[in-house]
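Asks: need coordinates for the following:
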Amino acid sequence: MRLRHWQWAICAALSAASAQAGQEVGDYSGLPQDLAAAATAYDLAQFKSDRPELERLLADDYILAGSNGRNQDKAQSIADTVDPANKTSYVAISQQVRKVWPNGAVLGGIVDAKGINHGKAYTMRARFVDVWAKRDGQWKVIFTQANRIP
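Replies: Residues are numbered from 1 along each chain as shown. As a prediction, this is how the structure comes out:
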């Protein structure tokens with residue numbers, strides 16, 4: 001019972017963060033509460049380059065399939081995200097897709113982003129799909145496909 005209280009408190013805090021965060025967080029209303037909290041935390045962790053949260057939310061066997069045709073594992077993906085030479089200043093998520101089944105989900109959509117990459121300004125528009133799995137009671141991203149949109 002005590003654990004359930006803490007889960008509710010964490011979900012409420014993440015929901016409040018989502019309400020204050022802005023466009024960098026997707027709309028996860030209508031999803032199971034624990035998945036919505038995990039997805040919100042993942043969006044914020046990516047935007048804020050939060051290594052501990054990324055470590056927690058990405059599965060150990062995570063794979064990112066990017067537009068460049070290369071795959072990255074968990075360590076490579078996190079290293080790129082938290083690289084101080086990369087700074088995202090704006091993210092907006094739109095055209096969301098949400099499919100959920102017991103212990104699994106696909107969350108995706110369109111992401112528009114702006115920032116600095118090794119001293120050069122960039123803008124990007126991409127379609128993404130995150131595949132989630134509930135393992136040992138915790139939601140983890142196990143796979144991401146991201147493709148730039150011209």
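Asks: not counting sequence-adjacent ones, nearest residue to residue 91?
Replies: The shortest distance from residue 91 to any non-neighbouring residue, by Cβ to Cβ, 6 or more residues apart in numbering, is to residue 24 (4.0 Å). C-beta coordinates here come from the backbone N, C-alpha and C atoms, glycine included.
Asks: okay, now the unreliable bits of this structure?
Replies: Filtered on pLDDT under 70, the chain yields the residue ranges 1-23.
Asks: let's see it at 50
Replies: Within the chain, the stretches with pLDDT under 50 are 1-21.
Asks: would you map the helices across it?
Replies: With helices called from DSSP state H, the chain shows them at 2-21, 33-48, 51-57, 74-82.
Asks: ok, now which ones touch residue 82?
Replies: For residue 82, the contacting residues are 49, 50, 51, 54, by Cβ atoms under 8 Å, 6 or more residues apart in numbering.
Asks: for residue 132, see how far away it is.
Replies: Noted for residue 82: a distance of 21 Å to residue 132, by Cβ to Cβ, to the nearest Å.
Asks: please apply the same query to residue 32.
Replies: 10 Å.
Asks: look at these two and report which has more neighbours.
Replies: Legend: neighbour count by other Cβ atoms under 10 Å for residue 32 and residue 132, higher for residue 132 (23 against 14).
Asks: show me what contacts the closest residue to the more buried one other than its chain neighbours?
Replies: Take residue 132 and drop its neighbours on the chain: the residue closest to it by Cβ to Cβ, 6+ apart is residue 105, 4.3 Å away. Counting by Cβ under 8 Å, 6+ apart, residue 105 touches 31, 35, 98, 99, 131, 132, 139.
Asks: all good on my end, thank you.
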